[in-house]
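Student: Below are the sequence and a predicted model for it; my questions follow.
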Amino acid sequence: MKAYIRSAIAISPQKTFNNPAFLDDPAAYRDTRLTSIEPDYSEAIDPKSIRRMSRIIKMSVASALACLKDAGIASPDAIVTGTAYGCLEDTGIFLSNIIQENEEPVTPVAFVQSTHNTIGAQLALLIKCSRYNNTFVSGGASFENALLDALLLLAENKAANILVGGMDEITDMSHAVLSRLGLYKRQPVSNLELFNENSKGTINGEGAAFFLLTNTSSPNDLACIDAVATFYKPDAATEFISSFLVSTSIKDSDIDLLILGNNGDPKNDAIYSQVQQSVFNGIPSINYKHLCGEYPTSTSFAAWLAANIIRKNSIPAILAQGKIPKKKINKILIYNHYQNIYHSLMLLSSC
Amino acid sequence: MDQLIADLKGQIAVQLKLKNIKREDIGDDQPLFAGGLGLDSLDVLELIVLMKQQYKLRISNPEDGLKVFRSVRTMAEFITASRGQNT
Amino acid sequence: MNDPVFVVGVGVISGIGNNVAECLHALVEGKTGIDKIKYLKTNHSDLLPAAEVKLSNDELSAISGLGPAVSRTAMLSRIAAQEAWDNSGVENIPSLRTGFVSASTTGGIDKTEEFLTHFLTDNSKGKLRDIINHECNSITTMVAEKLGICHHISTISTACSSSANAIMYGARLIRHNILDAVVAGGTDALTRFTLNGFNTLLVLDGEYCRPFDENRNGLNLGEGAGYLVLVSERVASLLERDPYCALTGYFNANDAYHQTSTSTDGDGPYLAMSGALEMSGLQPQEIDYINLHGTGTQNNDSSEGAAIQRLFHPHYPKMSSTKSFTGHTLGASAGVEAVFSVLALHHGIIYPNLRLQTPMSAFPFVPETAFSRQPGLKHVLSNSVGFGGNCSSLTFSKL
């Protein structure tokens, strides 16, 4: 079930949008949350449409429209999105209004904009796409499910070009709640030093990344997606990784680079150390969450990264850290888990 | 009436999130729903909420709403007439 | 990828009954579940009728084995999904790759409301156990674990078409030989969030709703959960009982007209229905019954009616909206109505469209106003139309 990535666009806490350079000037933060660097949306989205859009919708619409433009596609055959939290800002506004106004009439727009499928729906409306439209809200596997749905559609020959995206946002309310749940560092930390911290907790993140997947190759393709798989609360990581490698007919020696979901929390990251000493022994690896933070759909950022690394055959210094030997990168395996609930593997390769 | 119209323009811009619109950009008699502001049926509902929250006036359906919201002036006249009925 | 997919289990809980038998009985007897709101604490209980499940959270907790500190949406899901799983017999077949694809629009938001009531006054207040299952997926994984399903667990949320898309996705995972059996459908409890949300849109009827009536005045909300167990042909052959029917067609389209209204000509519903028919290889005149989306709003019934006229004229099948019984159960509606559609085929029955007094003057067809037995029922179509233009249709066929 292979697909070609014709274009990949991300809005993230790094200078990733509308920037020909590839992470050569990493954004540094001293905080427990990383906030997306957002463009001037009036250039990316019709101003009449923007007024109701919350941040997550603007980030998603801007990156999706840029992705379509980059791929030279006016309207795809399907739009599939994955988001764990959906439109948090509008959900929070509407809920707060109901509670504070004691169920007196409140803003209908916030309610309408709060539904999880709003992003996919807005895109369909803006580009008048009447085709397949689906939204996954599967927590830490939301983006992976969206990707799998797209791969299935391509294999069914029901679609030739599919717009797939993963997105999640931070709001002040969500950050306060997740902080109370003990997810993050107690004190602000430098994101670029995240893996030297050795203290409990990670840093919050957000972003939106979109991909145009096709079933026919072109000289402009960034990379191929060969396979995606998710595992729910698995017993042993090494077992499912081994079975994934068998099912994709690759040996660990075929993998040129691992992108791992270490997030700076020692307990969370122990699994990655274990697999690097066993089934992934000897394979060069990089982390990515020091750039985008930890959030349920962060693998969409990792996929954007992988696609660009393959296309440019170059790993930005902030990721390589001088530890990756220079060689042609043909196959990248992304391995991530979110709170040890969903584990996912994504295999990308050069086309 | 002039003050009410001025106040309404400000409130409309806020309720409908018309960020780049200033009060002087909305004519007193300009048709709100056909006049280039790009408003739609959801905006009718938002204005119904505005009437309730700011002026304690209830409009029970969008069809009645569209008549009241024809222009800022018709909105002001509706508010004034309702106040008159209450004195 | 074109292998058949069979329905071998059904489970449902709604305002008209706590299981399949009770719901069926109410449908046959013409007993609506719409009533004054009794269980949800809301200021609108005197003004807005709804079809609540007639069980308190404590009672739901006792039946579901979850909660009562857990979201009502989760408890509804567990009850219906477990009923479907139990009556399928699939659990007895060893070594199957099983999946749970569930849909919801509200997730755990009923508990989030409780949390925020305290949190909004002081960030350090509010019980964390009330917020921890806010996400729709938390509801899904909670129920999946109770069912003992772990190969594939996913959640879909596309407003009122959510469960149809979950059923579609489950079927496709089977056809791609990724899974052998899937419990697919959806759940949503009545919440202040949705009640107030739809109320601000001025689409709720202060009386009992009248879908497809000329003088209809809006929808009534409901709550519930509905699931199917879908299996491959191989698994169906291993079961003791024959399948209920086959899922022969499905299609997902987008109306791309407006966020909350459907286009006048019903483009989205038209594409969804005709796509499902095309996939099933059926001609419009072969459809025996349409379970309408039929919410009772001016817009939906006009648009859906226009789409039906475009596709079926002059061979109109019998049709009805069971939302006149259950209210609009939002994310659960397509799942609940898929169960009703399967039961209609299985028992050869057609449900009435309650409270229809004056047919819509725009259309030459009229939904059924009386219950009837139709032993020759072969093919049923079930429609869903959601916010954001998300439209999906499913066809079920007798074997």
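Tutor: In hand now; what should we look at? Numbering: from 1, shown residues only, chains lettered A, B, ... in the order given.

Student: going forward, measure contacts between C-alpha atoms and count neighbours the same way
Tutor: Noted.

Student: what about the residue in the stretch 1-150 of chain C positioned nearest to chain B, neighbour count?
Tutor: Residue nearest to chain B within the stretch 1-150 of chain C: C:Leu47 (13.4 Å; C-alpha to the nearest C-alpha). C:Leu47 sits with 13 neighbouring residues when counted by other C-alpha atoms under 10 Å in any protein chain shown.

Student: Then A:Asp235?
Tutor: Around A:Asp235 sit 9 other residues, with neighbours defined as other C-alpha under 10 Å.

Student: Can you give me the neighbour number for C:Leu66?
Tutor: Burial of C:Leu66 is recorded as 22 neighbouring residues (other C-alpha under 10 Å).

Student: Return the residues in contact with it.
Tutor: Contacts were defined as C-alpha atoms under 8 Å, 6 or more residues apart in numbering or on different chains; by that measure C:Leu66 touches C:74-75.

Student: if I look at it, how far off is C:Gln259?
Tutor: When distance is defined by C-alpha to C-alpha, to the nearest Å, C:Leu66 is 35 Å away from C:Gln259.

Student: Could you pull out the buried residues of the helix or strand bottoming out on mean pLDDT in chain C?
Tutor: Least confident element among the helices and strands of chain C, by mean pLDDT, DSSP states H and E: helix C:128-131 (a mean of 93). Of the residues in helix C:128-131, those buried under the neighbour-count criterion (16 or more other C-alpha atoms under 10 Å in any protein chain shown) are C:130-131.

Student: now stretch C:376-383
Tutor: Judged by neighbour count (16+ other C-alpha under 10 Å), stretch C:376-383 contains these buried residues: C:377-383.

Student: Looking at these, which one is closest to A:Asp25?
Tutor: Each of the buried residues of stretch C:376-383 was scored against A:Asp25 by C-alpha to C-alpha, and C:Asn383 proved nearest at 51.5 Å.

Student: and that closest one, bridged to which residues?
Tutor: Beta-bridge partners for C:Asn383, by DSSP bridges, are C:Ser393.

Student: Let me see the ranges of the helices in chain B.
Tutor: For chain B, the helices defined by DSSP state H occupy B:2-15, B:41-55, B:62-68, B:72-86.

Student: per-residue confidence for residue 21?
Tutor: No chain in the question, so chain A it is. According to the model's per-residue confidence, A:Ala21 sits at a pLDDT of 96.

Student: um, chain C though
Tutor: As predicted, C:Ala21 sits at a pLDDT of 98.

Student: That one: which element?
Tutor: C:Ala21 is part of helix C:20-29, with elements assigned from DSSP states H and E.

Student: What lies in contact with that helix?
Tutor: Residues external to helix C:20-29 that are found in contact with it (C-alpha under 8 Å, 6+ apart): C:10-14, C:16-17, C:32, C:325, C:340, C:351-352, C:371.

Student: just to revisit the earlier point, between the helices of chain B, which gets nearest to C:Val101?
Tutor: Each of the helices of chain B was checked against C:Val101 via C-alpha to C-alpha, and the shortest separation belongs to helix B:41-55, namely 32.6 Å.

Student: name the helices or strands packed onto that closest one?
Tutor: In this structure, helix B:41-55 packs against helix A:108-114, helix B:2-15, helix B:62-68, with contacts taken as 3 or more C-alpha pairs under 8 Å, 6 or more residues apart in numbering or on different chains; DSSP states H and E.

Student: ok so, going back, next, report how far the helix holding C:Ala21 is displaced from the centre of its chain.
Tutor: Helix C:20-29 has its C-alpha centroid displaced from the chain centroid by 16 Å (C-alpha atoms, centre = their mean, to the nearest Å).

Student: As CSV, could you dump the C-alpha coordinates of it?
Tutor: The C-alpha atoms that make up helix C:20-29 are tabulated as CSV, following Å, rounded to 0.1, in the frame of the first residue of the first chain:
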residue,chain,number,x,y,z
VAL,C,20,-32.5,-4.4,20.7
ALA,C,21,-35.7,-6.1,21.9
GLU,C,22,-37.0,-3.1,23.7
CYS,C,23,-36.3,-0.7,20.8
LEU,C,24,-37.9,-3.1,18.4
HIS,C,25,-41.0,-3.4,20.5
ALA,C,26,-41.3,0.4,20.7
LEU,C,27,-40.9,0.7,16.9
VAL,C,28,-43.6,-1.8,16.3
GLU,C,29,-45.9,-0.3,18.8
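
Student: Helix or strand next in line after that helix, which one?
Tutor: Beyond helix C:20-29 in the direction of the C-terminus, DSSP H and E gives the next helix or strand as strand C:50-51.

Student: just checking, next helix/strand downstream of that following strand?
Tutor: Read in the C-terminal direction, the helix or strand following strand C:50-51 is helix C:57-64, with elements assigned using DSSP H and E.
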